[in-house]
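Visitor: Fold the following for me, if possible:
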Amino acid sequence: MTVTQRRGRKIMMSPGEVSAFLTTQRTCRVATVSADGAPHVSALWFLWDGSALWLYSVVRSRRWADLRRDPRVAIVIDTGEEYDSLRGVELSGTVEFVGEIPRTGELCAELDSVETLFARKNFGLDAMPHDGRHAWARLRPEKIVSWDFRKLGEL
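Guide: Now for the predicted structure:
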C-alpha cells in the first residue's frame, strides 16, 4: 500500500492508522462513472484486508453496471460529526472482479478469508450467506489520501 499525500501532511494518518481505521469501519461511498459520463455515488459495506478494499455489490445495480463498463473508482470512508473530529480515507484506482458473477458460493481460494471476515463483521455469521444477487470487486488502491482532524489539536 502506497500512501502519498502532498497537502495536509500534518493531519494525514500513518499507514497503520489508515489500516486500523479501514478495518473498523463498515460503510463506504463508492463513486463510479455512468454511461453518460455523469458521476454516481452510492453507499456500500466493504472489507479491508490490509492491502485491498473488497466490495460486495448487487450485480443488478447502477454501481455494478458502471464498474463493469469502466472499472475506475473513487471510494471514501469517513466519520465524525464535529469539525475537530472528522477523519477519513479516500482510495482510488481500478477494481478487479473476483469469483463468479453473481456469487453463488463456488470454491474460490481468493475469497475464502474475505468472505469469512465479511460475514463475521457484517452479519455475525461464520459463513457467507450467498443469495445469487451479489458479486465481489477488489480495489488494490493506486492512491490513498487520509485526514484526521483530531490531530489539529496536537499542532
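Visitor: which residue ranges form the strands in this protein?
Guide: Secondary structure of the chain (DSSP state E): strands at 27-33, 39-48, 53-58, 72-79, 87-98, 134-139, 143-148.
Visitor: for the ones you listed, which one sits closest to A20?
Guide: Counting by Cβ to Cβ, A20 lies closest to strand 39-48 out of those; the figure is 9.6 Å. Any C-beta I mention is one placed from the backbone N, CA and C, and that applies to glycine too.
Visitor: Quickly run through the sheet partners of the closest one, with directions.
Guide: Strand pairing for strand 39-48, determined by DSSP bridges: strand 27-33 (antiparallel), strand 53-58 (antiparallel).
Visitor: got the contact list for it?
Guide: 19, 22-23, 25-34, 53-57, 61-63, 66, 75, 77, 114, 117-118, 121-122 (Cβ atoms under 8 Å, 6 or more residues apart in numbering).
Visitor: Now with 6 Å, please.
Guide: Outside strand 39-48, the residues that touch it by Cβ atoms under 6 Å, 6 or more residues apart in numbering are 22-23, 26-32, 34, 53-55, 62-63, 66, 117-118, 122.
Visitor: Can you tell me the centre-most residue of the protein?
Guide: L53 (4.4 Å; Cα atoms, centre = their mean).
Visitor: Name all residues that make contact with the residue nearest to Y56 when sequence neighbours are not counted.
Guide: Nearest residue to Y56, sequence neighbours excluded (Cβ to Cβ, 6 or more residues apart in numbering): H134, at 5.3 Å. By Cβ under 6 Å, 6+ apart, H134 lies in contact with 56, 58, 103.
Visitor: Those into JSON lines, with extra columns for neighbour count?
Guide: Below are the contacts of H134 laid out as JSON lines (neighbours: other Cβ atoms under 10 Å):
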{"residue": "Y56", "neighbour count": "20"}
{"residue": "V58", "neighbour count": "15"}
{"residue": "R103", "neighbour count": "21"}
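Visitor: picking up where we left off before, narrow the contacts of strand 39-48 to just the buried residues.
Guide: 22, 28, 30-32, 53-55, 63, 66, 117-118 (16 or more other Cβ atoms under 10 Å).
Visitor: Which two of those residues have the greatest separation?
Guide: Within those, two members stand farthest from each other by Cβ to Cβ: D66 and L117, at 25.8 Å.
Visitor: any chance of the contacts of H134 in a markdown table, plus distance to S146?
Guide: Below are these laid out as a markdown table (distance: Cβ to Cβ, whole Å):
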| residue | distance to S146 |
| --- | --- |
| Y56 | 23 |
| V58 | 28 |
| R103 | 30 |
